[in-house]
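[1] Please work out how this folds:
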Amino acid sequence: MTQKISKKKMLGESYTTNYLKIRRATILFSTVLFALYPYRITLNSIIHIPYDTIILSNYILLPIFLFVIFVCTYRRISIMKASLEIFFSCILLFVFIGISIVWSPKISYSFQKYTYIIFQLPVLVSFVTFVISNNRQNIRAFIFATLCGSYILMLALLWGSIFSNGIHTIINEGTYIGVNRLLGVGIVCSIFVIMDVKNNTLRILFGFFSLMNLFFMTQTGGRGPLIAVIISLIFSLVWNYNTGKVRDYLWYMITLFVSLIILVLNGGRTINRLLSLIHDPGRSAIIRIDMAIHSVNLFLERPLLGHGIGSFPTLYKSGTYMYPHNIFLEILVESGTIGIIFLSFFIYYVSITVIKYRNHNYRLAGLISSLIIYSLINASVSFDIPGNKVFFIYSAMVLALFGYDSSNGSV
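    Okay, here's the model as predicted:
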């Protein structure tokens, strides 16, 4: 009898161990998928997946994320008040923008945008809140997967420029901004990863890859991501200076800035487009200024509730452009004062959390802050709210600071 009980106990323990291993592997795998999810269209141009990206997103990846959220929260929801403030201020913003479909024009873009904001974005923010931010291993897997995605893209561009007919066999007018964004996020992550790596060979390797990312950023044509990277680099330099370990990566920062100066002098599509702003702004810059002025006037017409989700193309020059290429102007036009208040509360809670909990892990707080700054600058010059989902993803990552103590300074 005793042997039977002991055997059952051993079987139960073995089952539990196997279940925990499968659960851990599933969470890590989904975290890697999640890190690459915002850049799936860009990566699909170099690693072609024979499935429609919309079907893959809505019917495969999002259900996987929902399942993993359920696995992580089932019978074990524990969330701090500060986490609730960030999470619900973000969800309230999405809900209000979604509600505005009631008074928005009934066009396909409005319904498509409504679907993204009401269903896709809350799932992504929930995944960060309940899966990634609750575990250090998940955070590291997220950062590592993001770096890998950026470096794979860089290596594909390098291969194309050497062995093919140039990088423009991979990049086109519809993808160059997404390409530059992914290259830039790799540089931002590399700065803080280099601070953690003790092996000098790995430091040099990360530094070289970052320089190659920077080089291709100057060649592809996306001005916004390059400006965002430069500002993020300056911020990270100031942030890490306060750690007293600035010597550990000062050579890296100096190399990046010197390389940037050389690349500016050497030229490239992005550099040429940036320099042209001085003497000839070009059609793109002029249209953005015109959209900004028009957006302010549209806001003044309906300042409280806005014109409704997806209304911009019906109000600006007969649908020439779908959105004003600025997340703040977009919310002002479509959601009015109430929408911008919700967005302001979200940014406020995120900022306060970084300031309050930065000493729990100063370096991780710096990395998250740099990613937020990088994504917010990008959101201010291109794409609409669904296209700038990484801003909400990186912002929600501040919740990871709650799980650290000051005794461990590594990312």
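
[2] what about Thr270, distance to Tyr114?
    Distance, Thr270 to Tyr114, by C-beta to C-beta, to the nearest Å: 34 Å. (Glycine included, C-beta is placed from N, CA and C.)

[3] So which elements touch the helix or strand where Thr337 lies?
    Using DSSP states H and E, the element containing Thr337 is helix 327-357. Counting contacts by 3 or more C-beta pairs under 8 Å, 6 or more residues apart in numbering; DSSP states H and E, helix 327-357 packs against helix 81-99, helix 282-301, helix 312-315, helix 362-379, helix 389-396.

[4] change it to 6 Å
    Under the contact definition 3 or more C-beta pairs under 6 Å, 6 or more residues apart in numbering; DSSP states H and E, helix 327-357 sits against helix 81-99, helix 282-301, helix 362-379.

[5] how big is the angle separating it from helix 282-301?
    Computed with axes from the mean of the first three to the mean of the last three C-alpha atoms, to 10 degrees, the direction of helix 327-357 lies at 80 degrees from that of helix 282-301.

[6] how many neighbours does Val102 have?
    9 (other C-beta atoms under 10 Å).

[7] Skip the chain neighbours and tell me the closest residue to it.
    Excluding the flanking residues, the one nearest Val102 by C-beta to C-beta, 6 or more residues apart in numbering is Gly308, at 7.3 Å.

[8] Repeat that for Asn44.
    Thr53 (6.1 Å).

[9] before we move on, what about Ile377?
    That would be Ala228: by C-beta to C-beta, 6+ apart, it lies 3.8 Å from Ile377.

[10] The one you found: what's it in contact with?
    Ala228 makes contacts with 374, 377-378, as judged by C-beta atoms under 6 Å, 6 or more residues apart in numbering.

[11] go with 7 Å
    Contacts for Ala228 (C-beta atoms under 7 Å, 6 or more residues apart in numbering) come out as 184, 374, 377-378.

[12] So what does Phe383 look like in phi/psi?
    phi 70, psi 170 (degrees, to the nearest 10).

[13] And the helix or strand of the chain with the lowest mean pLDDT, what does it pack against?
    When each helix and strand of the chain is scored by mean pLDDT, DSSP states H and E, helix 247-266 comes last, with a mean of 71. Applying 3 or more C-beta pairs under 7 Å, 6 or more residues apart in numbering; DSSP states H and E, we find helix 247-266 packed against helix 176-196, helix 200-220, helix 223-241.

[14] quick one: that helix to helix 176-196, angle?
    150 degrees.

[15] Helix 247-266: how far from the chain's middle?
    Relative to the centre of its chain, helix 247-266 is centred 24 Å away, using C-alpha atoms, centre = their mean, to the nearest Å.

[16] now the angle between helix 223-241 and it, please.
    150 degrees.

[17] Format the CA atom coordinates belonging to helix 247-266 as CSV.
    The C-alpha trace of helix 247-266 is given here as CSV (Å, rounded to 0.1, in the frame of the first residue of the first chain):
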residue,chain,number,x,y,z
ARG,A,247,33.9,54.4,-18.9
ASP,A,248,32.5,50.9,-19.5
TYR,A,249,30.8,52.1,-22.7
LEU,A,250,32.1,55.6,-23.4
TRP,A,251,34.3,54.2,-26.2
TYR,A,252,31.2,52.7,-27.7
MET,A,253,29.3,56.0,-27.6
ILE,A,254,32.2,57.9,-29.0
THR,A,255,32.6,55.4,-31.8
LEU,A,256,28.9,55.7,-32.7
PHE,A,257,28.9,59.5,-32.8
VAL,A,258,32.2,59.6,-34.8
SER,A,259,30.8,57.1,-37.2
LEU,A,260,27.6,59.1,-37.5
ILE,A,261,29.6,62.2,-38.4
ILE,A,262,31.6,60.3,-41.0
LEU,A,263,28.4,58.8,-42.5
VAL,A,264,26.9,62.3,-42.6
LEU,A,265,29.9,63.5,-44.6
ASN,A,266,29.8,60.5,-46.8
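
[18] Mind listing residues that contact it?
    Counting by C-beta under 7 Å, 6+ apart, 191, 194-195, 207, 210-211, 214-215, 218, 233, 237, 240, 271 sit against helix 247-266.

[19] right, and the helix or strand after it?
    In N-to-C order, the element after helix 247-266 by DSSP H and E is helix 269-279.

[20] The residue nearest to Asn44: how many residues sit nearby?
    Thr53, neighbours per other C-beta under 10 Å, totals 12.

[21] pLDDT wise, what is it at?
    You'll see Thr53 listed with a pLDDT of 71.

[22] so who does it touch?
    Here Thr53 is in contact with 40-41, 44 (C-beta under 7 Å, 6+ apart).

[23] Now it, what are its backbone angles?
    Dihedral angles (degrees, to the nearest 10) for Thr53: phi -60, psi -30.

[24] got it, and Ile385?
    phi -60, psi -50.

[25] is it true that it touches Ile327?
    Yes: using C-beta atoms under 7 Å, Ile385 is in contact with Ile327, at 6.2 Å.

[26] residue contacts, Tyr51?
    So Tyr51 contacts nothing (C-beta under 7 Å, 6+ apart).

[27] For it, identify the helix or strand it belongs to.
    Counting by DSSP H and E, Tyr51 is part of no helix or strand.

[28] Thr146 touches Leu183, doesn't it?
    No: under the criterion of C-beta under 7 Å, Thr146 makes no contact with Leu183, lying 11.6 Å away.

[29] Looking at the two, which is more packed in?
    Leu183 (28 against 24).

[30] Identify the spatial nearest neighbour of the more buried one, chain neighbours not counted.
    Asn213 (4.5 Å).

[31] And for Tyr394?
    Nearest to Tyr394 is Leu371, by C-beta to C-beta, 6+ apart, at 4.0 Å.

[32] In terms of neighbours, single out the busier of Thr270 and Tyr114.
    Thr270 (24 against 19).

[33] Tell me how far the residue lying closest to that one once chain neighbours are set aside lies from Ile385.
    Leaving aside its sequence neighbours, Thr270 sits nearest to Thr218 (C-beta to C-beta, 6+ apart; 4.8 Å). Look at Thr218 and Ile385: by C-beta to C-beta, they are 28 Å apart.
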